[in-house]
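J.: Just the structure for this:
(2 chains)
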Amino acid sequence: RKEVEQDPGPFNVPEGATVAFNCTYSNSASQSFFWYRQDCRKEPKLLMSVYSSGNEDGRFTAQLNRASQYISLLIRDSKLSDSATYLCVVISGGSNYKLTFGKGTLLTVNP
Amino acid sequence: DAMVIQNPRYQVTQFGKPVTLSCSQTLNHNVMYWYQQKSSQAPKLLFHYYDKDFNNEADTPDNFQSRRPNTSFCFLDIRSPGLGDAAMYLCATSRDGVTFGGYTFGSGTRLTVV
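T.: Here you go, the predicted model:
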């Protein structure tokens, strides 16, 4: 089983739609969770951290379910500029010091 | 004001010809990472340095080596590039690797092998 698995996508949605991304992780000792955004041929950039209580940043809401080892990202009122690949990222903690990325889910928001 | 700088942005090399990719940082971060990202795949960690301590991932091919001569610079050496090594190579830094606060990526070097 892969360490981090995401919806394969791609997702094509109209402007204004609500879209949800799902991610599961295999290491129950994982401590830190993030969503990154990667535009075509660019480096990944942090979108938001994911906290146990869930957190919101404008149109973006992240949720964490430790019992199910599940992370989600919800985007409301999609904009054309939201088109990108969304990567689920996990840090396992301890002495690993490394980010483990999911494969990513491509989102295209259409006018 | 780029804080993690990768050079060159695009690199073309011949099959089997050694190539070096460069990363520098102005953040004074302890940890520097090299990731390989192939088309439509997740970034995959090759190795990282915590200060001078080198940590190789178990499945990183021997063809890939790294050097960190000082805090600011880290190099990725590919001794004999094959066609399968064509990818985006991402350098990242972190203050201490444990807390999120300081993961910063460079813009990447896209390597083409001909």
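J.: Please enumerate the strands of chain B.
T.: For chain B, the strands defined by DSSP state E cover B:4-7, B:10-13, B:19-25, B:31-37, B:44-50, B:53-56, B:64-67, B:73-78, B:87-94, B:104-105, B:109-113.
J.: out of those, which comes closest to chain A?
T.: Between chain A and the strands of chain B, the shortest separation by CB to the nearest CB is 4.2 Å, and it involves strand B:104-105. All C-beta spots, glycine's among them, are computed from the backbone N, C-alpha and C.
J.: so what secondary structure elements neighbour that closest one?
T.: Packed against strand B:104-105 by the contact rule (3 or more CB pairs under 8 Å, 6 or more residues apart in numbering or on different chains; DSSP states H and E) you find strand B:87-94.
J.: now what about the strand it packs on, what contacts it?
T.: Surrounding strand B:87-94, the residues in contact under the criterion CB atoms under 8 Å, 6 or more residues apart in numbering or on different chains are A:41, A:43-44, A:97, A:99, B:3-4, B:6, B:21, B:23, B:25, B:27, B:29-39, B:43, B:74, B:76, B:102-106, B:108-111.
J.: Taking strand B:109-113 as reference, get the angle to that strand.
T.: 150 degrees (axes from the mean of the first three to the mean of the last three CA atoms, to 10 degrees).
J.: can you give me the mean pLDDT across strand B:87-94?
T.: On average, the pLDDT along strand B:87-94 is 94.
J.: Pull out the buried residues from it.
T.: Buried residues in strand B:87-94, counted by 16 or more other CB atoms under 10 Å in any protein chain shown: B:A87, B:M88, B:Y89, B:L90, B:C91, B:A92, B:T93, B:S94.
J.: Which residue lies closest in space to the fourth one, excluding its sequence neighbours?
T.: Across the structure, with CB to CB, 6 or more residues apart in numbering or on different chains as the measure, the residue nearest B:L90 apart from its sequence neighbours is B:Y35 (4.2 Å).
J.: Which of the contacts of strand B:87-94 are buried? Put it as a ChimeraX command.
T.: A single ChimeraX command is used to select the members of these judged buried by 16+ other CB under 10 Å:
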select /A:43,44,97,99 /B:4,6,21,23,25,29,30,31,32,33,34,35,36,37,43,74,76,102,103,104,105,106,108,109,110,111
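J.: for stretch A:15-23, what is the average pLDDT?
T.: On average, stretch A:15-23 scores 97.
J.: Contacts for the least confident helix or strand in chain B by mean pLDDT, please.
T.: In chain B, no helix or strand scores lower on mean pLDDT, DSSP states H and E than strand B:104-105, which sits at a mean of 88. Residues from elsewhere that reach strand B:104-105, judged by CB under 8 Å, 6+ apart: A:43-45, B:3-4, B:25, B:27, B:29, B:90-94.
J.: Apply 10 Å and report the result again.
T.: Residues from elsewhere that reach strand B:104-105 (CB atoms under 10 Å, 6 or more residues apart in numbering or on different chains): A:36, A:38, A:42-46, A:99, B:2-4, B:6, B:25, B:27, B:29, B:33, B:35, B:43, B:90-95.
J.: residues near B:K52, how many?
T.: B:K52 sits with 9 neighbouring residues when counted by other CB atoms under 10 Å in any protein chain shown.
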